[in-house]
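Q: Predicted model and sequence follow; I will ask about them next.
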Amino acid sequence: MGLYCKVLSKSKTVNNKNMNRREAVQRITLLMGGALSAPLMAGIAGEKLNTGPSLSVNPQQEALLAEIADIIIPSTNTPGAKAAGAEKFIVRVVRDCYELEDQKKFYAGVEKLDSDSKEIYGKGFMQLDTEKKNEIVKRSTTYDKPFFLQMKGLTVTAYFTSEIGATQALDYLPIPGRFDGCIPLKEGQKTWAL
Amino acid sequence: MKVVNYQDFKAMAYLNIEAQQANTYDAIVVGSGVSGGWASKELTEKGLKVLMLERGRQLEHISGYENAMKDPWQTSYNGRLTVEQKKTHPFLSRDYPYNEMTETYWMNDSDSMYEEKKRFDWFRPNIVGGKSIMWGRQSYRWSDLDFEGNVKDGIAVDWPIRYKDIAPWYSYVEKHVGISGEKLGLPQLPDSEFLPAMDMYCVEKEVRKRIEKNFPGRSMTIGRVANLSQAHKAALDIGRSPCQYRNRCNLGCPYGAYFSTQSCTLPPAVKTGNLTLRPDSVVKEIIYDKAKNKATGVRIVDSVTLEEREFYAKIIFVCGGAIGSTVLLQNSISDRFPKGLGNDSGELGHNLMDHHFRTGASGEWEGDQDKYYYGRRANGIYVPRYQNIGNDKRGYLRGFGYQGGGSRQGWTRNVAELSFGADFKNELTKPGKWTMGLGGFGETLPYHENHMYLDHSKKDKWGIPIVVFDADLRDNEKKMREDMKNDAAEMLEKAGLKNVRTYDNGSYLGMAIHEMGTARMGKDPKTSVLNAFNQVHSVKNVFVTDGACMTSASCVNPSLTYMALTARAADHAVKELKKKNL
């Protein structure tokens, strides 16, 4: 213990009447000790943080989630939800942020898609062609609307906050450097990711 | 009984004196938030040796802002709380400020539970800087409409100051902090010293014109915000950079572009060489010397080791947040002050206020489909109070202002609920509709019955008695909320917005995080706790300059006023010390 006498690091006086965005980014990256690496964060994100009971999810269930997500947000001229690893986000959120009862309901909904697929087409969801997968998901919008909306919401968030979704499907601008509130919408301008 | 010979006794006494001297300062500042930071800056710059005690942990400027620069895919849950966090933080998890990204800035509710006779949301920070890291940065001056309110309405007690007393101090703090905004020349909302105003969105520019045309006497302006739209000399001198329009202020700003203790008041304080900052220090009580009729110091509990120790000073600035400051006074019990330090009036803990909000309207704007924007503005628009001013008479006292703003919907919008697939995805990659909303912030009157007190039979992790809140919104506030909702809808509809919908999501005291009152300023020691210079009437070397001191609440965000009151009180304190009055 003992008394603290904090002296702030001697920040150089910034003579930056015209400090541009590039310089601002460089300065901050330096002060922050370099870039934060995505793999580091992914490792941390993999840790189990919900200390209560949680359903454990097997690789088959994860793969099924990825396929459902890929129907909701497919590859177009940009990669889809499966390529973006959306199922990882979904599994993590459901595991740590949902109460056990809600986790059970969610995975029951996932299971029902698969069992309906077997009932109607004689095959599991993963074995269907894309058109039939779309049919199964479309059915769920009526017979299991709450599950569909939940799965859709999770998929949309997972995708558009993923690196692929945010930087390829949308326009990603982490450090704008200025604000203009009313400018022409340029040809090819996409929704801002942030 | 241990027998101590004379030599040992002298040695012990000498050690005690030495220890006491090592723990003695000119001033102690309790709290390092908006008010505490300013007190430390002012007092150290005037040559005092200052000990700033903060209950929370150290948070270093820039290097401490662990989430400030993260990309969304570097988070675990994109901001959601875990089940575990909701359990351990039953109060904090009620509202948005506590989330995955700000987790480590807030206190663990479970360490210090409180009771609420009626719902009261108490959001407590746990860092050096206090809430000055997470705050909304909206900054507005009071006017005499506010200071004269109580005496004109015949309620509570009169403020012991007027606008002319605080105006020079507003200027003083604003010149250091940097407030971006636009001059309006409105008597009810005096202009600050301004940095350039931020831009408005297309829909806001249009709605502004129409509100001002359809409702003469009403204005809509850009928010007055403590972000550097331009880095003026005072900012550059302490290493601050202009706002980069990332809108992630509440995570801490690596650019120092908004006001916080870390960016703004700590650097100059540290530069003087007169500051000692001790985080992890829960101040338990003020030590009062009856013979001298002075406070002589404070007793703290180390928040980590739970060891107690004492520090001594000539003056004490209590800036622990409105409730925290009053808890400290209430817990400082002696023969002279059985009901808490300075509580001769019985008003300590009473007249608890906050702003009420979460009601208003929003709608859609069909114009400007060919327009978008660049950057993320960390600010909204503001409609200053117009009720009970001039000919605008209402069925309630006081009034409200509006915060709000417009933008184009992004990828989070609900596009045809049941849609999915390629078309749905492509739709979301294009900007959506323009929308605009107005949300009212209303004044809550000072009611004696709205109060908080300590339950000494229950202690928290640090041995401090727990707080019991007994306060509610009452008739005046409920009537005002009707207008807050309907006026907003009327203005937006007349401005040409479509699908205008009102909302009232319910407001509970504490939720606006502008809690104030409980140790009010006043002219008369029989009906107030503090005098015109924020001194405790009956213990003049104790100053309370944060939200606790407020005699009424106005409808404007209060932190700028705390800054000005603190700087003014510090100036007075040092003058009084020099005259040997303290």
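A: Yep, that arrived.

Q: Just give me the residue closest to the centre of chain A.
A: With distances taken as Cα atoms, centre = their mean, A:Ala158 lies nearest the centre of chain A, 2.3 Å away.

Q: contacting residues for that one?
A: For A:Ala158, the contact set (Cβ atoms under 8 Å, 6 or more residues apart in numbering or on different chains) comprises A:Ala69, A:Ala81, A:Ala84, A:Ala86, A:Glu87, A:Lys88, A:Phe89, A:Ile90, A:Gly165. (Each C-beta comes from the backbone N, C-alpha and C, glycine too.)

Q: Just put the residues you listed in JSON lines and tack on secondary structure and neighbour count.
A: Listed next are the contacts of A:Ala158 as JSON lines, based on DSSP: H, G, I helix; E, B strand; the rest coil; neighbours: other Cβ atoms under 10 Å in any protein chain shown:
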{"residue": "A:Ala69", "secondary structure": "helix", "neighbour count": "27"}
{"residue": "A:Ala81", "secondary structure": "coil", "neighbour count": "30"}
{"residue": "A:Ala84", "secondary structure": "coil", "neighbour count": "29"}
{"residue": "A:Ala86", "secondary structure": "helix", "neighbour count": "29"}
{"residue": "A:Glu87", "secondary structure": "helix", "neighbour count": "24"}
{"residue": "A:Lys88", "secondary structure": "helix", "neighbour count": "17"}
{"residue": "A:Phe89", "secondary structure": "helix", "neighbour count": "26"}
{"residue": "A:Ile90", "secondary structure": "helix", "neighbour count": "25"}
{"residue": "A:Gly165", "secondary structure": "helix", "neighbour count": "31"}
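
Q: Relative to B:Glu310, which of these is nearest.
A: Set against B:Glu310, the nearest of the contacts of A:Ala158 by Cβ to Cβ is A:Phe89 (51.1 Å).

Q: Which pLDDT does the model give that closest one?
A: Looking at A:Phe89, its pLDDT stands at 98.

Q: next one: the one 5 residues further on
A: The per-residue pLDDT reported for A:Val94 equals 97.

Q: ok so, going back, if we check chain B, which of the contacts of A:Ala158 are in contact?
A: A:Phe89 (Cβ under 8 Å from any Cβ of the partner chain).

Q: Closest to B:Thr104 out of the contacts of A:Ala158?
A: Using Cβ to Cβ, these come closest to B:Thr104 at A:Phe89, 21.8 Å.

Q: what's the closest non-adjacent residue to the closest one?
A: Counting by Cβ to Cβ, 6 or more residues apart in numbering or on different chains, A:Ala158 is the residue found nearest to A:Phe89 once chain neighbours are left out, at 3.8 Å.

Q: Name the residues of the helix or strand containing the one you found that come out as buried.
A: Per DSSP states H and E: A:Ala158 is located in helix A:145-160. For helix A:145-160, a neighbour-count test (16 or more other Cβ atoms under 10 Å in any protein chain shown) marks A:Phe147, A:Phe148, A:Gln150, A:Met151, A:Lys152, A:Leu154, A:Thr155, A:Val156, A:Thr157, A:Ala158, A:Tyr159, A:Phe160 as buried.

Q: Could you list the residues in contact with the next helix or strand after it?
A: Downstream of helix A:145-160, the first helix or strand assigned by DSSP H and E is helix A:163-164. For helix A:163-164, contacts defined as Cβ under 8 Å, 6+ apart pick out A:Ala38, A:Thr78, A:Pro79, A:Ala83, A:Ala84, A:Gly85, B:Asp71, B:Trp73.

Q: Cool, thanks, signing off.
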